[in-house]
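1. Got a sequence here, can you model it:
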Amino acid sequence: MKKNIKVKKWYNDFFDDYYLRSYKDIVSEERTLQEVGFIEKSLKLSQKSRILDLCCGHGRHLIELAKRGYIMTGQDLARNFLKIATETAKKNDVKVKFICGDMRHIPFHGEFDAIFNIFTSFGYLENDEEDFKVIKQVANSLKIGGKFLLDIRNRDWILANFQYKDWRIIDDLVILEERHLDSSFKKVITKVTYIEKGKIGKITEHSARLYALSNIQSMFKKAGLSIQKVYGGLDFKRHTIKSQRTIIIASKR
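-> So this is what the prediction gives:
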C-alpha cells in the first residue's frame, strides 16, 4: 500500500534570518524608495486606494506606501517576516492589515484597487498550473478596472547571461550560490551555502520558474486581465529581450 507522503516545499522555510542578511546590501532604503515610486507612478494610484502587497515579506514596500496614505494589506507565507513587518508598522505609526497565507489563496473578492507582486516573488510553485492559480486569485481579488503589477526576471536575459556560480560577502557572512537549469530551460534551481566565521551555517535550495512574456500574456488573458504596459526596469524603459526584468501592468476587465 502506498503511503501519502507530504512533500516539503522549499519556500516554507527558506525565508529566514540568513535570507534577510544576504540581501542587506541589495534592499537598501534608496532602492525601496525607487521601487515604491515606480509602483505609485506605474499604477497611477489615487489617495486612499486599497492595495494588496502580495508576498510582502518584511514589509518594506507596503509600510512606505501606508506612510503615503494608501490603505494597505500585506500577505505572505513567512510568519517571521510578517512579525517584523508588524513591528515596523507600529514603529512608523501606520495601520496595515497582515495576512499569513499562500498566494494561491487570497481571501478577498473584488476588494482592491491595485495589487503588486514585486522583487521576483512569482514562479516559486511546482508547475504552470499552480502559478496560474495565483493569477486567477489576483483577478478575483481586484475591483473591475483594478490594476496588477507583476515584476519578474526576464527569461531571455537570464538564458543569455546565465551564471552557474557566484558568491558575495555581506559583513561576516559569505553566500555561495550554485545554479543549474532544468531540462526544459524553464526553471532555475539554486543551491545556497551560507558560511559564517569559516563554518557552514546552512545549506539550502530554492527554485524559480522562468516565463517568457508570451506565457504571461496567455495567463493574464485567461484570467481576465488586460496588459496595458510592459517595462524592462524601474526606469520605465521599453521591454526588450535584453531587459533584465519584465514588469507588467495589467487591469481587470
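2. any idea where the helices of the stretch 1-150 of the chain begin and end?
-> Here the stretch 1-150 of the chain has its helices, by DSSP state H, counting those that start in this stretch, at 17-22, 29-43, 60-67, 79-91, 128-141.
3. Just tell me which of those helices ends up closest to Lys147.
-> helix 29-43 (4.7 Å; C-beta to C-beta). Backbone N, C-alpha and C define where each C-beta goes, glycine included.
4. Quick one: the helices of the stretch 1-150 of the chain as a markdown table, columns for mean pLDDT, mean neighbour count and distance to Phe98 too.
-> A markdown table is the format used below for the helices of the stretch 1-150 of the chain (pLDDT from 0 to 100; neighbours: other C-beta atoms under 10 Å; distance: least, C-beta to C-beta, whole Å):
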| stretch | mean pLDDT | mean neighbour count | distance to Phe98 |
| --- | --- | --- | --- |
| helix 17-22 | 94 | 16 | 17 |
| helix 29-43 | 96 | 16 | 18 |
| helix 60-67 | 97 | 22 | 9 |
| helix 79-91 | 97 | 16 | 5 |
| helix 128-141 | 98 | 18 | 16 |
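5. want to throw the ones you listed into TSV with distance to Lys229?
-> Output for the helices of the stretch 1-150 of the chain, formatted as TSV (distance: least, C-beta to C-beta, whole Å):
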stretch	distance to Lys229
helix 17-22	31
helix 29-43	7
helix 60-67	19
helix 79-91	28
helix 128-141	17
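6. closest to Val192 out of those?
-> Going by C-beta to C-beta, the one of the helices of the stretch 1-150 of the chain nearest Val192 is helix 17-22, 7.9 Å.
7. Show me how far the closest one is from its chain's centre.
-> Centre-to-centre, helix 17-22 and its host chain are 16 Å apart (C-alpha atoms, centre = their mean, to the nearest Å).
8. ditto for stretch 97-106
-> On C-alpha atoms, centre = their mean, the centre of stretch 97-106 falls 13 Å from that of its chain.
9. got the buried residues for that stretch?
-> Neighbour counts using 16 or more other C-beta atoms under 10 Å place 98-99, 102-103, 106 of stretch 97-106 among the buried residues.
10. Out of these, which is nearest to Lys187?
-> Distances from Lys187 to the buried residues of stretch 97-106, taken by C-beta to C-beta, are shortest for Met103, at 17.8 Å.
11. Quick check: the closest one touching Leu54?
-> Yes - using C-beta atoms under 8 Å, Met103 makes contact with Leu54 at a distance of 5.6 Å.
12. show me what contacts the most centrally placed residue in the chain?
-> Residue closest to the average C-alpha location in the chain (C-alpha atoms, centre = their mean): Ser121, at 2.3 Å. The neighbours of Ser121, taking C-beta atoms under 8 Å, 6 or more residues apart in numbering as the test, are 54-55, 57, 103.
13. go with 10 Å
-> 11, 53-57, 76, 103, 134, 150-152, 208 (C-beta atoms under 10 Å, 6 or more residues apart in numbering).
14. Just want the phi and psi numbers for it.
-> phi -110, psi 10 (degrees, to the nearest 10).
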